[in-house]
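Enquirer: generate coordinates for the sequence data below:
(one chain, ligands or ions: 1)
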Amino acid sequence: MKLIDGKATAAEIKKEIRTEVDKMTARGERAPHLAAILVGHDGGSETYVASKVKACEECGFRSTLIRYEEDVDEQTILDAVKAFNEDPEVDGFIVQLPLPRHISEQKVIEAIDYRKDVDGFHPVNVGRLSIGLPCFHSATPKGIMTLLERYEIPTKGANCVVLGRSNIVGKPVATLMMQKAYPGDATVTVCHRDTRDLKEVCRNADIIIAAMGRPGFVTADMVKEGATVIDVGTTRVPDASRKSGFRLSGDVDFEAVAPLCSYITPVPGGVGPMTIVSLMQNTLLARSGAIYPKD
Ligand code: GUN
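Expert: Numbering: from 1, shown residues only. Presented below is the predicted three-dimensional model:
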């Protein structure tokens with residue numbers, strides 16, 4: 001069994017980005033600038049956004065964070081999005097999800113200029129991804145593909161089972177795994193709560209990507225000997241022995257499953273750090289105009 005070290009891979013990529021940024025600034029060019037909008041005080045969102053700001057510093061990017069209280073109205077958020085759309089010094093920005101129930105996430109996402117949508121959530125980016133055109137790939141799926149590539153895990157013709165059908169992870173990672181490319185060229189099955197014979201489907205998988213947010217869902221009896229298991233789960237479960245009062249739990253019963261695998265990602269230290277660094281890569285792409293040329 002080989003552990004896929006997302007933390008180390010993300011650190012390597014951050015160094016690569018930093019080198020690029022240092023070259024840009026040495027040429028007298030402006031450093032990339034990522035902005036973020038955070039609403040409320042959800043613990044997970046606070047942690048993610050803090051990690052994104054820290055990663056910007058490490059990569060030599062400029063970052064801007066705008067915060068609103070939970071009771072902010074939708075129009076205020078739409079106005080903030082418009083201001084970032086129109087700011088020539090902001091290369092890319094994100095609105096951290098989830099948003100409070102009185103704000104339409106879809107409306108906010110569609111208000112973002114797709115050329116600055118470094119999360120890859122705008123329908124233009126989602127549509128372009130589905131037909132294989134250059135676009136921003138959403139960060140978690142992109143991070144998973146980078147791990148498969150850097151660990152040279154074979155994907156061509158592989159049976160890949162994706163657990164979960166969210167717009168943020170399940171659907172886009174399934175799209176990427178089936179595209180004509182490496183990593184890709186896999187035979188993809190997307191499973192969800194209504195899937196019949198789920199254990200049987202998983203036992204046939206060469207690659208399992210678990211993204212349901214159900215701690216310990218993937219058990220040893222669901223995993224074929226030699227499979228690669230990618231764990232996207234990051235559920236906070238109470239843990240009195242930790243100072244924070246919780247620990248992060250993946251969707252995979254790691255202790256039982258790991259001995260069966262050829263490769264497996266841990267939680268924490270697997271997909272999580274790759275999500276953050278993928279957002280940095282997208283911001284660099286937004287700055288350079290490599291996907292959508294600057295006008
Ligand atoms: N909430 C959970 N994951 C993400 C993400 O990748 N981007 C944003 N904006 N919100 C999230």
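Enquirer: specify the local secondary structure of residue 48.
Expert: Following DSSP: H, G, I helix; E, B strand; the rest coil, the label given to residue 48 is helix.
Enquirer: the residue in the chain positioned nearest to the ligand: what's it in contact with?
Expert: Of all residues in the chain, residue 97 sits closest to the ligand, at 3.7 Å by CB to the nearest ligand atom. Bear in mind the C-beta positions are built from the backbone N, C-alpha and C, glycine included. With contacts defined as CB atoms under 8 Å, 6 or more residues apart in numbering, residue 97 is in contact with 45, 105, 168.
Enquirer: go again using 7 Å as the cut-off
Expert: With contacts defined as CB atoms under 7 Å, 6 or more residues apart in numbering, residue 97 is in contact with residue 105.
Enquirer: helix, strand, or coil at it?
Expert: Under three-state DSSP, residue 97 comes out as coil.
Enquirer: and if you look at residue 31?
Expert: Per three-state DSSP, residue 31 ends up coil.
Enquirer: what about it, neighbour count?
Expert: Using other CB atoms under 10 Å, residue 31 is surrounded by 16 other residues.
Enquirer: contacting residues around it?
Expert: Neighbouring residues of residue 31 by CB under 7 Å, 6+ apart: 21, 24, 25, 60, 61, 62.
Enquirer: by neighbour count, which of those residues wins?
Expert: That'd be residue 61 among those, by other CB under 10 Å, with 23 neighbours.
Enquirer: what about the closest residue to that one other than its chain neighbours, how many neighbours?
Expert: Spatial nearest neighbour of residue 61, excluding adjacent residues (CB to CB, 6 or more residues apart in numbering): residue 32 at 4.7 Å. Using other CB under 10 Å, residue 32 is surrounded by 27 other residues.
Enquirer: quick one: mean pLDDT over stretch 148-161.
Expert: Stretch 148-161 shows a mean pLDDT of 98.
Enquirer: what's in contact with it?
Expert: Residues contacting stretch 148-161 (CB under 7 Å, 6+ apart): 4, 9, 177, 182-189, 191, 201-202, 204-209, 228, 263.
Enquirer: recalculate using a threshold of 8 Å.
Expert: In contact with stretch 148-161 (CB under 8 Å, 6+ apart) are residues 2, 4, 9, 147, 174, 177, 182-189, 191, 201-202, 204-209, 228, 230, 263.
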